[in-house]
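Enquirer: sequence first, then the predicted structure:
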Amino acid sequence: MISTLCANCGKEIFKWNYQIKHSDNHFCNNVCKGEWQSKNCSGENGYNWKGGSWNNRKQYLAHTSYRTWRKNILKNAECILCSSKDKLELHHIESKALNPSRIKDETNVCPICSKCHDMLHSSSSKGGELRGTLSAILAYDNPQPSLSNVLIFVGRKVHRLMGEDTQSDTPDTSAAHESDEIVGTVGKLTEVVV
């Protein structure tokens, strides 16, 4: 056995040769080891230090209050792209990572089924087309065709993107008969988003 000093309290301790070779720091007990690690292996000295930034987004999304809020949003909802009511998720229009303050903002989410959501976030050309379609639906400042025509167009496009055969993917952009119908269409679309 070899005599050495505790790295934390400085007491003389005895260790075997293999223990001395294994580590530069030796401790008289676990309390001293824990105190030393608290001083020397945390914060900027920690092996996992990332500059002091901490993101609690994952914990926030797993919290009961968020899950309850999400459940209430998805209650009686349908996919904004294909009108499916199965396996609905919330799509955040403005990314959760880029703007965490809008995670629970009802104007920043829209219901979308898991199949469309996966394709929407893919880097494929079909995902790009689906993102364009979603942007067109959500861009309510522009004049929109009637709600029924939008839903038919979106349904055709989603079916085409999913590989199903459709007759045509050109929308009927005929003007609505009254401006109230356009306003009503925008209101219905924003109700789905909210």
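Expert: Sure thing, it's come through.

Enquirer: how many neighbours does Glu94 have?
Expert: Using other C-beta atoms under 10 Å, Glu94 is surrounded by 14 other residues. Using the backbone N, CA and C atoms, a C-beta is placed for each residue, glycine as well.

Enquirer: can you get me a residue count around Gln59?
Expert: By the criterion of other C-beta under 10 Å, Gln59 has 9 neighbours.

Enquirer: how does the protein divide into domains?
Expert: Domain segmentation of the chain under automatic domain parsing yields 2-45, 57-193.

Enquirer: out of the ones you listed, deepest packed?
Expert: Using mean count of other C-beta atoms under 10 Å, the stretch among the domains of the chain with the greatest mean number of neighbours is domain 57-193 (a mean of 15).

Enquirer: tell me the average confidence for that one?
Expert: Mean pLDDT, domain 57-193: 71.

Enquirer: is it possible to get CSV of the domains of the chain that adds distance to Gly51?
Expert: Formatted as CSV, the domains of the chain follow (distance: least, C-beta to C-beta, whole Å):
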stretch, distance to Gly51
domain 2-45, 9
domain 57-193, 17
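
Enquirer: which helix or which strand is home to the residue nearest to Glu89 when sequence neighbours are not counted?
Expert: Of all residues not flanking Glu89 in the chain, His117 sits nearest, at 5.1 Å (C-beta to C-beta, 6 or more residues apart in numbering). In this assignment (DSSP states H and E), His117 forms part of helix 114-120.

Enquirer: so what does that helix touch, helix or strand wise?
Expert: Where contact means 3 or more C-beta pairs under 8 Å, 6 or more residues apart in numbering; DSSP states H and E, helix 114-120 is packed against strand 88-92, helix 125-138.

Enquirer: could you pull out the strands in this protein for me?
Expert: Taking DSSP state E as the criterion, the chain contains strands spanning 2-5, 12-15, 88-92, 109-113.

Enquirer: for the second one, name the packing helices and strands.
Expert: Secondary-structure packing of strand 12-15 (3+ C-beta pairs under 8 Å, 6+ apart): strand 2-5.

Enquirer: I'd like the average pLDDT over the strand it packs on.
Expert: The average of the pLDDT scores along strand 2-5 is 91.

Enquirer: list the contacts of that strand.
Expert: Applying C-beta atoms under 8 Å, 6 or more residues apart in numbering, the external contacts of strand 2-5 come out as 11-17, 20, 26.

Enquirer: still on that earlier bit, so which of the strands of the chain gets nearest Leu98?
Expert: Among the strands of the chain, the nearest to Leu98 by C-beta to C-beta is strand 88-92 (9.4 Å).

Enquirer: who does the closest one pair with, and is each partner parallel or antiparallel?
Expert: Here strand 88-92 is paired, per DSSP bridges, with strand 109-113 (antiparallel).
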